[in-house]
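Colleague: return atomic coordinates for the entry below.
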Amino acid sequence: QGQLVESGGGLVQVGGSMRLSCAASGYSLDYYGIGWFRQVPGRQREGVSCIFGSETYEEDSVKGRFTISRDNSKNTAYLQMTDLRPEDTGTYYCAVQGDMTTVEAMCATPYAMDNWGKGTLVTVSS
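Modeller: Numbering: from 1, shown residues only. Here you go, the predicted model:
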């Protein structure tokens, strides 16, 4: 099975920006839907943004602030985050799904994802 490795997390101030990367090895992201999920202690992992081909979905709280993208030539997906807020704090995971219906459904069902990275922590300080 392939691997996913997230990077780019860290500490950022409110209103700042950050770009997360998800590098895949062992398989091609061309054929998969990709999702970014966030988890905070005591809460379930939730979908933040998902992409398949040119179709994207963003959760309401990040619309207009976060942008998901992919570079198939680098086999890497990205999550560009702007205007960061304290509530964006959490561990961000990327995941892939090979048999999906819609990007919105993919983001709503993290348990259906096929493979996960280990996550990268994002902390937004006020």
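
Colleague: who's in contact with the closest residue to R65 other than its chain neighbours?
Modeller: Spatially, and ignoring its direct neighbours in sequence, R65 is nearest to D83 (4.8 Å; CB to CB, 6 or more residues apart in numbering). Any C-beta I mention is one placed from the backbone N, CA and C, and that applies to glycine too. Listed by CB atoms under 8 Å, 6 or more residues apart in numbering, the contact set of D83 reads 15, 17, 65.

Colleague: backbone dihedrals for D83, both of them.
Modeller: Main-chain dihedrals, D83, degrees, to the nearest 10: phi 50, psi 50.

Colleague: any idea how far S61 is from it?
Modeller: Between D83 and S61 the distance is 11 Å, computed by CB to CB, to the nearest Å.

Colleague: compare the contacts of D83 and tell me which is most surrounded.
Modeller: With neighbours set by other CB atoms under 10 Å, the maximum within the contacts of D83 is found at R65, which has 15 neighbours.

Colleague: where's that residue relative to R85, distance?
Modeller: 8 Å.

Colleague: where in the protein is pLDDT low?
Modeller: Applying pLDDT under 70 to the chain flags no residue at all.

Colleague: tell me where the protein has helices.
Modeller: For the chain, the helices defined by DSSP state H occupy 103-108.

Colleague: can you map out the strands along it?
Modeller: Assigned by DSSP state E, the strands in the chain fall at 3-7, 10-13, 18-25, 33-39, 46-52, 55-58, 66-71, 76-81, 90-97, 115-116, 120-125.

Colleague: report all helices and strands that the third one contacts.
Modeller: Contacts defined by 3 or more CB pairs under 8 Å, 6 or more residues apart in numbering; DSSP states H and E place strand 18-25 against strand 3-7, strand 33-39, strand 76-81, strand 90-97, strand 120-125.

Colleague: at 10 Å instead, please
Modeller: Secondary-structure packing of strand 18-25 (3 or more CB pairs under 10 Å, 6 or more residues apart in numbering; DSSP states H and E): strand 3-7, strand 10-13, strand 33-39, strand 66-71, strand 76-81, strand 90-97, strand 120-125.

Colleague: reformat these as TSV; add distance to A108 and mean neighbour count.
Modeller: TSV is the format used below for the helices and strands packed on strand 18-25 (distance: least, CB to CB, whole Å; neighbours: other CB atoms under 10 Å):
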stretch	distance to A108	mean neighbour count
strand 3-7	20	17
strand 10-13	27	12
strand 33-39	10	25
strand 66-71	15	18
strand 76-81	17	22
strand 90-97	12	23
strand 120-125	21	16
